[in-house]
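Asks: Okay, structure incoming, though there's no sequence with it:
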């Protein structure tokens with residue numbers, strides 16, 4: 001995968017992740033379910049970023065090499081960070097992860 005394709009796919013998947021996250025948050029609000037928004041973004045980005053990248057590979061007949069499989073994991077991480085937009089949100093997510101698992 002070229003760097004240009006990676007950036008285009010990242011932009012598209014980040015937009016989709018943000019939209020799906022808002023939908024999930026609205027659903028949780030109507031169900032009165034307590035949640036941490038950054039954790040919701042993490043799980044949505046894992047799903048959207050991973051599945052979106054796999055679909056991209058399948059439709060473009062991209063070979064399943066070790067480097068391309070690593071790119072899937074990098075896409076998930078980059079998608080999560082781009083969907084949260086901003087250093088303060090990333091630091092808030094790290095703090096929420098620490099409190100959830102301590």
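Replies: Looks like it came in fine. Not measured: the values here are computed from a predicted model.
Asks: Please work out the average pLDDT along the top helix by length along the chain.
Replies: Using DSSP state H to define each element, the chain has its longest helix at helix 3-30. Averaged across helix 3-30, the pLDDT comes to 88.
Asks: Report the buried residues of the next helix or strand after that helix.
Replies: Counting by DSSP states H and E, the next helix or strand C-terminal to helix 3-30 is helix 37-59. Neighbour counts over helix 37-59 (16 or more other C-beta atoms under 10 Å) mark 37-38, 40-42, 44-46, 48-50, 52-53, 56-57 as buried. (Glycine included, C-beta is placed from N, CA and C.)
Asks: what angle do helix 37-59 and helix 3-30 make?
Replies: 140 degrees (axes from the mean of the first three to the mean of the last three C-alpha atoms, to 10 degrees).
Asks: Mind giving me the packing neighbours of the next helix or strand along the chain from helix 37-59?
Replies: Using DSSP H and E, the helix or strand that follows helix 37-59 in sequence is helix 66-84. Other helices and strands packing on helix 66-84, by 3 or more C-beta pairs under 8 Å, 6 or more residues apart in numbering; DSSP states H and E, are helix 3-30, helix 37-59, helix 87-100.
Asks: Skip the chain neighbours and tell me the closest residue to residue 24.
Replies: residue 40 (5.6 Å; C-beta to C-beta, 6 or more residues apart in numbering).
Asks: So for that neighbour, what's the pLDDT?
Replies: pLDDT, residue 40: 88.
Asks: Let me see the contact set for it.
Replies: By C-beta atoms under 8 Å, 6 or more residues apart in numbering, residue 40 lies in contact with 21, 24-25, 28.
Asks: redo that, cut-off 7 Å
Replies: 21, 24-25 (C-beta atoms under 7 Å, 6 or more residues apart in numbering).
Asks: What of residue 2?
Replies: Here residue 2 is in contact with no residues (criterion: C-beta under 7 Å, 6+ apart).
Asks: Also the one 5 residues further on?
Replies: With C-beta under 7 Å, 6+ apart as the criterion, no residue contacts residue 7.
Asks: Excluding residues flanking it in the chain, which one is nearest the residue nearest to the spatial centre of the chain?
Replies: Residue closest to the mean C-alpha point of the chain, counted by C-alpha atoms, centre = their mean, is residue 45 at 2.0 Å. In space, and not counting its chain neighbours, residue 45 is closest to residue 80: 3.9 Å by C-beta to C-beta, 6+ apart.
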